[in-house]
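Novice: just need the structure, nothing else, for what follows:
(one chain, ligands or ions: 2)
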Amino acid sequence: MLLLASMLVALVLAALAFAGSSFTDPIGDNNSAPDVTALSLSESTDGILTIAVTVSNYQTLPLSSWVNVWFDLDLNRRTGDDGDEALVRFMDNGGILFFCWAGSELVRRPATGMAGSFTAGTLTLTVPKAALDNVPTFAVLGVGVRGQDDGDGGELVAIDLAPNSGRARYAAPELLSITDPVGDQGGGT
Ligand SMILES: [Ca+2]
Ligand SMILES: [Ca+2]
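Specialist: Ligands and ions are numbered 1, 2, ... in the order given. This is a model prediction of the structure:
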C-alpha cells in the first residue's frame with residue numbers, strides 16, 4: 001500500500017511538473033481554481049435538489065481540483081463548521097464525498113442517492129433533500145478549489161467563491177440562481 005501510495009504521489013508530481021513546463025497547454029493556466037460563474041439550485045417535487053455550478057475556465061475538471069457545495073442548514077453562522085452543517089464535494093475523478101456536522105466536526109457519510117457529472121464546464125449535482133435533513137430553507141456556498149498533494153491530505157492552492165461573501169439563501173420551492181464574476185478565481189498563470 002505504501003509503495004502504491006508513493007508511486008501515485010510520484011505520478012501526480014510528475015504530472016504537475018510536466019504540466020508546469022508545458023507551453024502548449026491551450027488553457028495555459030495550471031494553478032487556477034475552477035472559475036465559478038454561476039450557481040443554481042432547484043428542487044423537484046420528489047425531494048431531489050439539483051445544483052448546477054458553471055465554470056468558465058475548464059471544460060472538464062483538471063487533476064487536483066474539486067467543487068465544494070457548503071450548506072448552512074440552520075441559517076446560523078455561529079453553528080457548524082465555519083457556519084455550515086453539510087458539505088457535498090465533487091472530485092476531479094467524478095466521485096462525490098459527503099460530510100455532515102456531528103456536533104464538533106464534519107464527519108464523512110455515505111453519499112447515498114447523490115449523483116454528479118462535470119461536462120462542458122458545468123457541474124450538475126443531484127442531492128436528496130433528506131440528506132440535508134429536509135430543511136425548507138438553508139444557505140448555500142459554491143467553491144471551486146484547486147489543490148496540491150502535499151502528502152498529507154492535500155493543501156489548497158486557489159479557490160473561487162460563489163457568492164463572493166456570505167451564503168446565498170434558498171427557500172423551497174423557489175429557484176436559486178446567482179452569478180459570479182468571470183476571471184476572479186485564484187491561482188497563478
Ligand atoms: Ca468567478
Ligand atoms: Ca450553521
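Novice: and the residue of this protein closest to ligand 1?
Specialist: Asp180 (4.0 Å; C-beta to the ion). (Each C-beta comes from the backbone N, C-alpha and C, glycine too.)
Novice: near ligand 1, which residues of this structure show up?
Specialist: Asp35, Val36, Asp160, Asp180, Asp184 (C-beta under 5 Å from the ion).
Novice: wait, isn't the third one in contact with Val182?
Specialist: No: between Asp160 and Val182 there is no contact, the gap being 10.1 Å when judged by C-beta atoms under 8 Å.
Novice: which element is Val69 on?
Specialist: Val69 belongs to strand 65-72 when elements are defined using DSSP states H and E.
Novice: tell me the mean pLDDT for that strand?
Specialist: Per-residue pLDDT over strand 65-72 has a mean of 97.
Novice: tell me which stretches of this structure form helices.
Specialist: Using DSSP state H, the helices found in the chain span residues 2-21.
Novice: tell me, what residue is most central in it?
Specialist: The centroid of the chain falls nearest to Val67 when counting by C-alpha atoms, centre = their mean (1.6 Å).
Novice: which residues in this protein form strands?
Specialist: Remark: strands assigned in the chain by DSSP state E are 36-43, 48-55, 65-72, 86-91, 96-101, 106-109, 115-119, 122-128, 137-148, 155-162, 168-171, 176-179.
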